[in-house]
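**Student:** quick one: sequence plus predicted model below, questions after.
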Amino acid sequence: MSYRYRHNPNNNTVLPMTEDKFFIGVIVGFLAKCGADFIDRIWTKMTKSDRFCDSSSDSSNNKGCNWNGCERSHSTDSETSCSSSESLSSNGEVHGNDREIVAIQGDKKTPVGEESPLNYDEIKAIADFLLSKTMYRCQIGIICGSGLSELGNLLENRTTIHYEDIPHFPVSTVVGHKGQMVIGLLKNVPVVCMQGRFHPYEGYPTWKCALPVRVLHLMGVKSLIISNAAGSLMSDHRVGDIMIIKDHISMPGLAGRSPLVGSNDNRFGTRFPSMQGAYNKKYREYALKIGEEIGLKDNIHEGVYCMNGGPVYETPAECRMLLNTLNINAVGMSTVPEVVVARHCGMLVFAFSLISNKCVMDTDSENSPNHAEVVAACASRKSDLKVFVERMVLQIYNDLQSLPLENDKSYWKLLLGK
Ligand SMILES: O=P(O)(O)O[C@H]1O[C@H](CO)[C@@H](O)[C@H]1O
Ligand SMILES: Nc1nc2[nH]cnc2c(=O)[nH]1
């Protein structure tokens, strides 16, 4: 009879045992281990619902986003990739556990809590990654607001990159924001277009809402066209009108939520940037002229945009205050962080609101705004907006070509009209 020896942990002795007993012991031990793992998994499921995410693995996934994985979703010509992304956007959710908040989009989980802003090198790496996906070098960028993603479909020969596949990038969680970047030709002008943006109410810090602008800057973009859907406070505005933004009031900014909070990297811009002339005067004049030329004279206005935090729409009392005390013309929940970051790094900005609803001023009114109405109003104006944006792009491109070299002092004089 052959013997095996078994360690007895109770008295630290070694006991002899027959071979058959030894094998039975091994099998029993193996089954016990499987059982314990199984119970452990059930317990984990019960105590930590899969609504919540393991932050440690999330952030490592995100920060160290698999760059090879990005190859997977890169597609040329976007029709199929657009639709899949749109359904992802509408499913997007933001969830949290006691360690950090994450936005979930498909398989990707992005932290949306208080992280420190990405540094220059990290942003440069994103820009280089995107440049490696296209042969176009764009001087003009477009950011599409709620329901305005159609603008990106103007591009020909386009390359589409989903946000979830761009390293360090947030994901879109709002209906009407496709959540992808499109690079292609608009009337033969190379243009990069963000079909979907990020808002503070999604849980993102303002620097993250504006992160794409720095990426565009390091990709070589000089002029930015920013669009949004906004509620109008003006009695002479109608749903579907365009309001060219000439100035802004930023409720988050005034409350210390500027996207530039944190250490300043002079490679982007100065510590204390001025917002004087933030909305390029020349571009505003072009827009009014183009509006007239394409038959929108009565539907185009200039005005002051106010960024509120959202996601609630303003109460009638707030609307009356914003109009009567602050002289605001239209309200929204975006755009300003992008403008601030764009101006900080010297980009030229043209921004407009598509009036998607009239703000309700009467506390006892039966009317109230809703997001479906906002998206539908924007979609209903897509033909006019396409022509408008196309014309603006051509005009801006012509201007950029006639500018002297950047290191020429007269460059900034020309751009800023000073
Ligand atoms: O500003 P965009 O992204 O166009 O969207 C606007 O529409 C949404 C509300 O309906 C808010 O997100 C508001 O900011
Ligand atoms: N804050 C705000 N954002 C909007 N976006 C579209 N409409 C509105 C609105 O009425 N208020």
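**Tutor:** Looks like it came in fine. Residues are numbered from 1 along each chain as shown. Ligands and ions are numbered 1, 2, ... in the order given.
**Student:** look up how far Thr335 lies from Pro316.
**Tutor:** Distance, Pro316 to Thr335, by CB to CB, to the nearest Å: 23 Å. (Glycine included, C-beta is placed from N, CA and C.)
**Student:** just Ser232 next, same as before
**Tutor:** 15 Å.
**Student:** before we move on, the earlier item: more neighbours: which of Pro316 and Thr335?
**Tutor:** Thr335 (27 against 16; other CB atoms under 10 Å).
**Student:** that one is in contact with Met307, isn't it?
**Tutor:** Yes: applying CB atoms under 8 Å as the test, Thr335 and Met307 come out as touching, 6.3 Å apart.
**Student:** how much distance is there from the helix or strand containing Ala287 to the middle of the chain?
**Tutor:** Per DSSP states H and E: Ala287 is located in helix 281-293. For helix 281-293, the separation from the chain centroid amounts to 27 Å (computed by CA atoms, centre = their mean, to the nearest Å).
**Student:** so what touches it?
**Tutor:** Helix 281-293 is contacted from outside by 223, 242, 244, 246, 297, 299-300, 302, 348-350, 352, 388, 391-392, 395-396, 399, 417, using CB atoms under 8 Å, 6 or more residues apart in numbering.
**Student:** 10 Å instead?
**Tutor:** Residues from elsewhere that reach helix 281-293 (CB atoms under 10 Å, 6 or more residues apart in numbering): 223-225, 241-242, 244-246, 280, 296-302, 348-352, 384, 387-392, 394-396, 399, 414-417.
**Student:** report the buried members of those.
**Tutor:** Neighbour-count burial (16 or more other CB atoms under 10 Å) is assigned, among these, to 223-225, 241-242, 244-246, 280, 296, 299-302, 348-352, 384, 388-392, 394-396, 399, 415.
**Student:** what residues does the stretch 251-400 of the chain put near ligand 1?
**Tutor:** Gly310, Gly332, Met333, Ser334, His371, Val374 (CB under 6 Å from any ligand atom).
**Student:** pull out the buried positions in the helix holding Ala287.
**Tutor:** Neighbour-count burial for helix 281-293, counted by 16+ other CB under 10 Å, picks out Lys282, Tyr283, Arg284, Tyr286, Ala287, Leu288, Ile290, Gly291.
**Student:** return the member of the residues you listed nearest to Leu216.
**Tutor:** Tyr283 (16.5 Å; CB to CB).
**Student:** out of the contacts of helix 281-293, which are inside strands?
**Tutor:** 223-225, 242, 244-246, 300-302, 348-352 (DSSP state E).
**Student:** go through the residues you listed and say which is closest to Pro117.
**Tutor:** Taking CB to CB as the measure, Pro117 lies nearest Leu224 of the ones in strands among the contacts of helix 281-293, at 19.1 Å.
**Student:** relative to Lys386, how far out is that closest one?
**Tutor:** 18 Å.
**Student:** with Lys222 instead?
**Tutor:** From Lys222 across to Lys386, the span is 22 Å (CB to CB).
**Student:** who has more neighbours, these two?
**Tutor:** Lys222 (20 against 15).
**Student:** in contact with the more buried one, which residues?
**Tutor:** 138-141, 216, 346-348, 396-397, 399-400, 403, 406, 415.
**Student:** any idea how far stretch 335-346 is from the chain center?
**Tutor:** Counting by CA atoms, centre = their mean, stretch 335-346 comes out at 14 Å from the chain centroid.
**Student:** so it, near ligand 2 or not?
**Tutor:** No: judged by CB under 6 Å from any ligand atom, stretch 335-346 stays clear of ligand 2, getting no closer than 10.3 Å.
**Student:** what are the boundaries of the strands in the stretch 301-418 of the chain?
**Tutor:** Secondary structure of the stretch 301-418 of the chain (DSSP state E, counting those that start in this stretch): strands located at 330-332, 348-358.
**Student:** can you lay out those as CSV showing mean pLDDT?
**Tutor:** Listed next are the strands of the stretch 301-418 of the chain as CSV, based on pLDDT from 0 to 100:
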stretch, mean pLDDT
strand 330-332, 98
strand 348-358, 97
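**Student:** you'd agree Arg271 is up against Ser263?
**Tutor:** Yes: assessed by CB atoms under 10 Å, Arg271 is found in contact with Ser263 at 9.3 Å.
**Student:** report pLDDT for the residue of the stretch 101-250 of the chain found nearest ligand 1.
**Tutor:** Ligand 1 sits closest to Gly145 of the stretch 101-250 of the chain, with a gap of 2.7 Å, by CB to the nearest ligand atom. As predicted, Gly145 sits at a pLDDT of 92.
**Student:** now the residue in the stretch 101-250 of the chain that ligand 2 sits nearest to. Nearest residue, chain neighbours left out?
**Tutor:** Proximity to ligand 2, evaluated over the stretch 101-250 of the chain using CB to the nearest ligand atom, is greatest for Gly231 at 2.1 Å. In this structure, Gly231 finds its nearest non-sequential neighbour in Cys359, 4.4 Å apart by CB to CB, 6 or more residues apart in numbering.
**Student:** please report phi then psi for that neighbour.
**Tutor:** Here is the backbone geometry of Cys359 (degrees, to the nearest 10): phi -70, psi 140.
**Student:** around ligand 1, pick out the residues from the stretch 1-150 of the chain.
**Tutor:** Gly145, Ser146.
**Student:** low pLDDT regions in the stretch 1-150 of the chain?
**Tutor:** Applying pLDDT under 70 to the stretch 1-150 of the chain picks out residues 1-26, 28-29, 32-101, 111-114.
**Student:** closest one to Thr206 out of the residues of the stretch 251-400 of the chain next to ligand 1, please.
**Tutor:** Ser334 (10.4 Å).
**Student:** the strands in the stretch 151-300 of the chain, which residues?
**Tutor:** Under DSSP E, counting those that start in this stretch, the stretch 151-300 of the chain gives strands at 156-162, 180-186, 189-195, 223-232, 242-250, 300-307.
**Student:** angle of the longest one against strand 348-358?
**Tutor:** In this case it means strand 223-232. 20 degrees (axes from the mean of the first three to the mean of the last three CA atoms, to 10 degrees).
**Student:** ok, strand 223-232: who's next to it in the sheet?
**Tutor:** strand 140-143 (parallel), strand 330-332 (antiparallel), strand 348-358 (parallel) (DSSP bridges).
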